[in-house]
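Asker: one predicted model, sequence on top.
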Amino acid sequence: GAVVSQHPSWVICKSGTSVKIECRSLDFQATTMFWYRQFPKQSLMLMATSNEGSKATYEQGVEKDKFLINHASLTLSTLTVTSAHPEDSSFYICSASPDNYGYTFGSGTRLTVV
Amino acid sequence: SQQGEEDPQALSIQEGENATMNCSYKTSINNLQWYRQNSGRGLVHLILIRSNEREKHSGRLRVTLDTSKKSSSLLITASRAADTASYFCATDEATGFQKLVFGTGTRLLVSP
């Protein structure tokens, strides 16, 4: 079946530094990938839609300069949290659709900013 | 995006009992999907029901969809302790833009 690999699974960084999270589709091409954010005991909130070869589409209220998305190939999208602060600590999950029908999710990245 | 709502927020039952979770949404949809998430982990796709379907089964799972009421339910029969997790509905909105909007989730606890 379709697999989406997300790396790293957890990361701790200092306030003010940047963190890059990778999302790879392992056995299919994904022209579109999705990035979600989840706070403890809450649901997933869509942050942005990553489009291969073009700019990402951000949801209302998500700072595009804060959360940089790059989708340089058909199998890789990256999310960079720039100048991270403790309030950016969260669980970030990516997903992709192998067939424009169902969705496959990565295993998530737990970011802790200290 | 307008997030859907689920109820109950939390549900605690004994093994062997059935668990029912409800989901309401706000927009027209292409399909509705249910996912499971164990604490702090990724999501596992459970079942997808298209907008022109009313009921679907998969093992111990039964999903219904009522597009006139913009609601769906997930029934887990003969629950097991291993079913303990959070369950989310997600709608694939019929907006022309492909994206999933998640409901608020139900935390299910199944006690042995």
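Answerer: Structure received. Note that this is a predicted model, so its numbers are computed, not measured. Residues are numbered from 1 along each chain as shown, chains lettered A, B, ... in the order given.
Asker: buried ones in stretch A:98-114, by neighbour count?
Answerer: The neighbour-count check on stretch A:98-114 (16 or more other CB atoms under 10 Å in any protein chain shown) flags A:P98, A:Y103, A:T104, A:F105, A:G106, A:G108, A:T109, A:L111, A:V113 as buried. The way it works is simple: take the backbone N, C-alpha and C, and place the C-beta from them, glycine included.
Asker: and if you look at stretch A:63-76?
Answerer: Across stretch A:63-76, burial judged by 16+ other CB under 10 Å covers A:F67, A:L68, A:I69, A:H71, A:T75, A:L76.
Asker: now the two most distant members of those residues.
Answerer: A:F67 and A:T75 (20.6 Å; CB to CB).
Asker: circling back: dump the buried residues of stretch A:63-76 into CSV; add distance to chain B and secondary structure as well.
Answerer: CSV is the format used below for the buried residues of stretch A:63-76 (distance: CB to the nearest CB, whole Å; DSSP: H, G, I helix; E, B strand; the rest coil):
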residue, distance to chain B, secondary structure
A:F67, 16, strand
A:L68, 19, strand
A:I69, 14, strand
A:H71, 14, strand
A:T75, 18, coil
A:L76, 18, strand
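Asker: that older thread, next, format the buried residues of stretch A:98-114 as CSV and append secondary structure and pLDDT.
Answerer: Listed next are the buried residues of stretch A:98-114 as CSV, based on DSSP: H, G, I helix; E, B strand; the rest coil; pLDDT from 0 to 100:
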residue, secondary structure, pLDDT
A:P98, coil, 82
A:Y103, coil, 86
A:T104, strand, 90
A:F105, strand, 92
A:G106, coil, 94
A:G108, coil, 95
A:T109, strand, 96
A:L111, strand, 97
A:V113, strand, 97
